[in-house]
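Asker: Build me a model:
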Amino acid sequence: MVQTGVREPVQPSGAFPNNWLHIGVNPRLKKGGLVPSGDRQPWFHLRQNKHHPWSLDESQVDQYHLGGALHPHIRWWEAMDVPRRAVQIIEVAEMVMVSLVCEDLAQNDDIAQLIRSVGPTAVIVGLLDGPQLAARWSARYASVLADDPGSSVLTLSSFGMVERSRPEGRDASRAIALWKDPTTGVREIPLEPGAHGVLLTVSFDRATRYSADRRWPVDNSTFCYAVAVHQVRASDVGAGTLQAPPLAATLPLLVTEELTILTAWAEGVAEAAAYAPERVDELLAQARARAPWRAELGLPDLSPALADAIESLGRVVRRVAAPDGTSSFDALLTTADEDHPDEKPFDGLVRQVLLSMLEERRTRQSSQASATR
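Answerer: Sure thing, here's the model as predicted:
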């Protein structure tokens with residue numbers, strides 16, 4: 001689930017807003033299910049900052065009908081701090097996603113080079129722009145990432161800005177988003193009259209990775225493509241006004257760096273369970289706090305929260321009981337997928353991270369088996 005947090009493009013008062021895109025990820029979010037909530041189903045929140053300020057010239061002041069507030073003969077620069085450039089990379093199972101804000105999509109800087117090196121599955125771009133049409137600038141720059149490295153790109157603009165954009169001699173458009181991928185091409189996504197939002201459904205498939213050093217192509221990467229667009233309309237009958245949870249309830253159990261380390265160890269457990277189940281305990285012993293190898297390499301010890309997460313990972317593995325005829329990997333996958341009513345939020349988080357890594361390994365196993373037939 002993605003929520004834009006981009007503020008107004010111009011702040012004549014001199015205030016310095018936060019220009020960013022807010023991303024929320026929940027591993028329990030499933031199609032057709034309830035929206036996860038409560039302490040047992042935590043959301044992970046990340047913020048992608050904007051790196052390049054923008055200015056409105058006379059043509060854009062006229063295009064967005066802002067002449068009543070902004071003098072058209074003045075170039076109005078966005079009042080924003082320019083933070084140190086950084087990009088948040090989200091990896092969920094086999095999907096790798098990054099986000100950009102507005103004209104950052106059009107810049108060929110260090111961040112753009114990094115994105116091309118990573119080759120994310122999806123790039124989500126939050127805009128304060130006009131209609132997202134296939135003939136406009138955002139579609140051209142989305143095509144660059146779709147062609148190389150083959151990412152799927154979603155550009156999403158504010159409906160308020162889309163409505164205000166009325167260039168001379170152009171018809172009005174309600175296209176708030178545009179989807180571009182290397183397989184199905186470009187798709188304009190409108191917000192229909194009476195709708196309050198749009199639900200975009202994407203599907204994943206295996207993709208072939210090619211190398212320039214004469215290695216054989218391998219079907220071990222993933223691409224996504226849009227398969228359905230549904231207009232969302234608020235119901236007149238509901239549960240009433242929902243109270244926002246207190247801020248403390250939304251704080252993450254682990255910070256981003258700790259979650260990354262936990263995911264790496266969970267991936268190691270999944271690999272060991274698939275190929276060397278007798279070495280899983282040895283691997284977990286090396287993952288725990290105060291392991292000698294960290295001091296030998298000059299690495300700091302685990303934080304208390306991460307140390308607890310590693311211990312929780314070990315408890316999940318020790319719960320595994322493989323019936324006759326069942327592999328250790330399948331037994332661990334079944335255990336990681338079991339909900340426990342008395343489970344603590346921290347243990348549930350660790351179990352979901354392990355489940356994600358096990359499912360990714362199972363998908364790769366299935367693909368490799370199909371390729372050998």
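
Asker: just for the stretch 101-250 of the chain, where's the confidence low?
Answerer: 220, 237-250 (pLDDT under 70).

Asker: could you redo the last one with a cut-off of 80?
Answerer: Flagging of the stretch 101-250 of the chain using pLDDT under 80 yields the residue ranges 168-170, 206-221, 235-250.

Asker: So which residues of it form helices?
Answerer: Assigned helices in the stretch 101-250 of the chain, in chain order: 110-118, 137-147, 159-164 (criterion: DSSP state H, counting those that start in this stretch).

Asker: Residue 224 is nearest to which of those helices?
Answerer: Closest of the helices of the stretch 101-250 of the chain to residue 224 is helix 137-147, at 11.6 Å (criterion: C-beta to C-beta). For every residue, glycine as well, the C-beta is placed using N, CA and C.

Asker: Just the residues contacting that closest one, thanks.
Answerer: Identification of contacts with helix 137-147 by C-beta atoms under 8 Å, 6 or more residues apart in numbering yields 105-106, 115-116, 123, 125, 127, 129, 132-133, 151-153, 155, 178, 180-182, 186.

Asker: May I ask you to name the longest strand in this protein?
Answerer: For the chain, the strand reaching the highest residue count under DSSP state E is reported as strand 218-232.

Asker: So which residues make contact with the following helix or strand past that strand?
Answerer: Counting by DSSP states H and E, the element after strand 218-232 in chain order, helix or strand, is helix 256-275. Contacts to helix 256-275, defined as C-beta under 8 Å, 6+ apart, come from residues 44, 46, 88, 91, 252, 254, 279-280, 283-284, 287, 302-303, 305-306, 309-310, 313, 317, 328-329, 332, 350, 353-354, 356-358, 360-361, 365.

Asker: What separation do you get for the residue lying closest to residue 99 once chain neighbours are set aside and residue 125?
Answerer: Once flanking residues are discounted, residue 99 sits nearest to residue 48: 4.2 Å by C-beta to C-beta, 6 or more residues apart in numbering. Distance of residue 48 to residue 125, given as C-beta to C-beta, to the nearest Å: 10 Å.

Asker: Looking at those two, which has the bigger crowd around it?
Answerer: Each of residue 48 and residue 125 has its neighbours counted (other C-beta atoms under 10 Å); residue 125 has more, 29 against 22.

Asker: ok, that one - contacts?
Answerer: 99, 100, 101, 102, 104, 105, 138, 142, 153, 154, 155, 156.

Asker: Outside of the one helix or strand the first one maps to itself, list whatever touches it.
Answerer: Using DSSP H and E, the element containing residue 99 is strand 95-101. Identification of contacts with strand 95-101 by C-beta under 8 Å, 6+ apart yields 2, 6, 19-21, 23, 48-51, 87-91, 111, 115, 118-126, 204, 222, 224.

Asker: Out of those, list just those in strands.
Answerer: 2, 20-21, 23, 48-49, 89-91, 122-126, 204, 222, 224.

Asker: From the residues you listed, list the buried ones, please.
Answerer: For the ones in strands among the contacts of strand 95-101, a burial check counting by 16 or more other C-beta atoms under 10 Å picks out 20-21, 23, 48-49, 90-91, 122-126, 204, 222, 224.

Asker: What is the most widely separated pair among these?
Answerer: Farthest-apart pair in those is 49 and 204; separation 28.2 Å (C-beta to C-beta).

Asker: The protein - how does it break down into domains?
Answerer: Following the assignment in automatic domain parsing, the chain carries domains at 2-232, 255-372.
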